[in-house]
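Student: give the three-dimensional model of this entry:
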Amino acid sequence: MQRRNLLRGLAATAGAAPFAPFAGAATHDPLTLGKPQAFDYAWLKGRARELSQQPYQAVEASLPKALAGLDYDRFQSIHFRREHSLWAGRDTNFRVQFFHRGFLFKDRVRVYEVADGQAQELAYDPEMFDLRKAGIGGAMPRDLGFAGLRIQHHLDWQSDIASFLGASYFRAVGADRQYGLSTRGLAVDTGSDKGEEFPRFTTFWLERPARGGGTLTVYALLDSPSITGAYRVDIRPGGAMTMDVDAALYPRKSIDRLGIAPLTSMYLYGENDRRMAHDWRPEVHDSDGLSMQSGSGEWLWRPLTNPGGVRLYSYADKKPVGFGLMQRDREFDHYQDDGVYYERRPSLWVTPKPTTPQAWDAGSVQLLELPAPDETYDNIVAAWTPAEKPQPGQELLYSYRLLWGTRLPQHEPVLARVVATRTGLGGVIGQKRSYFSWRFAVDFQGGALPGLVFRAKAERDLPVEAVVSASRGKVEIVSARPLFEVNGFRAMFDLRTTDDSLDPIDLRLFLRFDGEALSETWIYQWVPPALAERKRLVEAG
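Tutor: Sure thing, here's the model as predicted:
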């Protein structure tokens, strides 16, 4: 999905410097539509269930002529007037601004404020927006609605802490105030041959925060041809942003592949995958790996790739402890991008909360990798997919916690972790190659490794071994040695192809010492090059 050019504007806002709010300017209470209505989460779940029993009706997305023809630059020139922020005139720790409809975001989103158990719809008001540079004039209907919303916190009124914009996408920042990857309310048939369905958040309810309260609660109604849903999201800013999500889902039809807590990111190229490395920057990615802690407690790390074709991977599990798309590489020198600062992009970790016996039971963490020509494409999706296909008439209850930030130590393995994966042509330097092989070099840090690195300075040999397995081919030239420069160990091996197949080969690697695992398990799927390319590389060497 090519959404990132537009979302760069959000990233710029999120990284802005703090300022004195409004400099004494008057604030404005929002205009409203209709009469207040009783509201709570139980009512919202009932509404979602009721909708699931009715035929799906697409939302009318037509726009006034002045908005329908907006291009990217004119849409980006529309700015929300801060004095119109929701709760700007109240003593709360949160404020909310709204996105104007137009350009790619034509769908109308309705927004309600909830206070004392009563929900009041907020009206669109052109005075909320500076429309001059966009060249928009004339009257706009009060029921025009909004495209989405963005949230600010009292520590810095100018910077966003979270935003909801487009289908059921939303995202947040950590302490570094940097946007990066996104999550969604739900994914339907991601990566399937019949095409993906994108459920939408059609309506939001924003609960007015208590004075001095540290939590903002956002409710949302989800709708699509296949499923409806009621969502409650409790947002708590901090060194890491915490979101507690409750979802009640009601299928209209059987769904082949349902994605719970779907995460969406971008990986163009990095140390392990140079297929699209035509740029001057050493690496370009929002996330560099999928981290998982299985129900058995095993930690797994899967480096991301930008494949030549669509790749879908399933990692079967039962009651997973958690999973996330992580940005582990935090060195500016590894990216050299002083415009978007990829080293500051947040990681996002999902912690399941069992609510019913079937929730988070048997299923798999699925990883979809799509080919991306440049960094404007979100080409990575990771989600939990239940083993049993959802059926009409069911109520599916899921709860989970989202943690956003650049430092999530409690969601990293206690064992040594992978910090870099590099690949290249195998063989022995100085010796002519007689066959094709591919080399893998994996760096580990943390856990017990610093102590073993210290011992290695005095002892010549330590019984640290790299345990490697492959689904096909021959593993050779295996080594594990201290890497003093990173206070860790580097494991290396070559994989020799033993057939002409171009099918992917599954690899696993971990470090072991005296019979015990020292590290998380590195998993990888490598696709051998074509036979002509293998021959060329061998002859060139």
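Student: so where do the helices sit in the stretch 1-150 of the chain?
Tutor: Per DSSP state H, counting those that start in this stretch, the stretch 1-150 of the chain carries helices over the ranges 4-14, 41-52, 65-68, 72-76.
Student: what's the burial count for residue 82?
Tutor: Per other C-beta atoms under 10 Å, the neighbour tally for residue 82 reads 18. Every C-beta, even on glycine, is put in place using the N, C-alpha and C of the backbone.
Student: please report how far it lies from residue 130.
Tutor: Between residue 82 and residue 130 the computed distance is 10 Å (C-beta to C-beta, to the nearest Å).
Student: please apply the same query to residue 324.
Tutor: The gap separating residue 324 from residue 130 is 38 Å, by C-beta to C-beta.
Student: quick one: which of these two has more around it?
Tutor: It is residue 324, of residue 324 and residue 130, that has more neighbours when counted by other C-beta under 10 Å, with 26 against 14.
Student: who does that one bridge with?
Tutor: With DSSP bridges applied, residue 324 shows beta-bridge pairing to residue 291, residue 349.
Student: what distance do you get for it to residue 287?
Tutor: Distance, residue 324 to residue 287, by C-beta to C-beta: 9 Å.
Student: need the residues touching each of those two.
Tutor: Common neighbours of residue 324 and residue 287, counting by C-beta atoms under 8 Å, 6 or more residues apart in numbering, are residue 347.
Student: which residues in the stretch 151-300 of the chain form strands?
Tutor: Assigned by DSSP state E, counting those that start in this stretch, the stretch 151-300 of the chain shows strands spanning 156-165, 169-172, 182-184, 187-188, 200-207, 216-223, 227-236, 241-251, 258-265, 267-269, 284-285, 289-293, 299-303.
Student: out of the ones you listed, which is closest to residue 52?
Tutor: Across the strands of the stretch 151-300 of the chain, residue 52 has its closest neighbour in strand 241-251 (3.6 Å, C-beta to C-beta).
Student: okay, now the sheet partners of the closest one, with direction.
Tutor: Take DSSP bridges as the rule and strand 241-251 pairs in its sheet with strand 227-236 (antiparallel), strand 396-405 (antiparallel).
Student: nearest to residue 329, of the ones you listed?
Tutor: Nearest of the strands paired with strand 241-251 to residue 329, taken as C-beta to C-beta: strand 396-405 at 15.2 Å.
Student: residue 146 versus residue 124, what's the distance?
Tutor: For residue 124, the distance to residue 146 - C-beta to C-beta - is 7 Å.
Student: so for these two, which residues contact both of them?
Tutor: Common neighbours of residue 124 and residue 146, counting by C-beta under 8 Å, 6+ apart, are absent.
Student: list the contacts of residue 103.
Tutor: Counting by C-beta under 8 Å, 6+ apart, residue 103 has contacts 6, 70, 71, 72, 74, 75.
Student: can you get me a residue count around the residue nearest to the fifth one when sequence neighbours are not counted?
Tutor: To tie it back to what came earlier, the one meant is residue 74. In space, and not counting its chain neighbours, residue 74 is closest to residue 134: 4.5 Å by C-beta to C-beta, 6 or more residues apart in numbering. By other C-beta under 10 Å, the residues close to residue 134 number 22.
Student: what's the answer for residue 336, then?
Tutor: If we define neighbours as other C-beta under 10 Å, then residue 336 has 15 of them.
Student: likewise for the one 3 residues further on?
Tutor: The number of residues packed around residue 339, counting by other C-beta under 10 Å, is 8.
Student: three-state assignment of residue 533?
Tutor: The three-state label given to residue 533 by DSSP: H, G, I helix; E, B strand; the rest coil is helix.
Student: pretty sure residue 467 is touching residue 509, no?
Tutor: Yes. Counting by C-beta atoms under 8 Å, residue 467 touches residue 509, with 6.8 Å between them.
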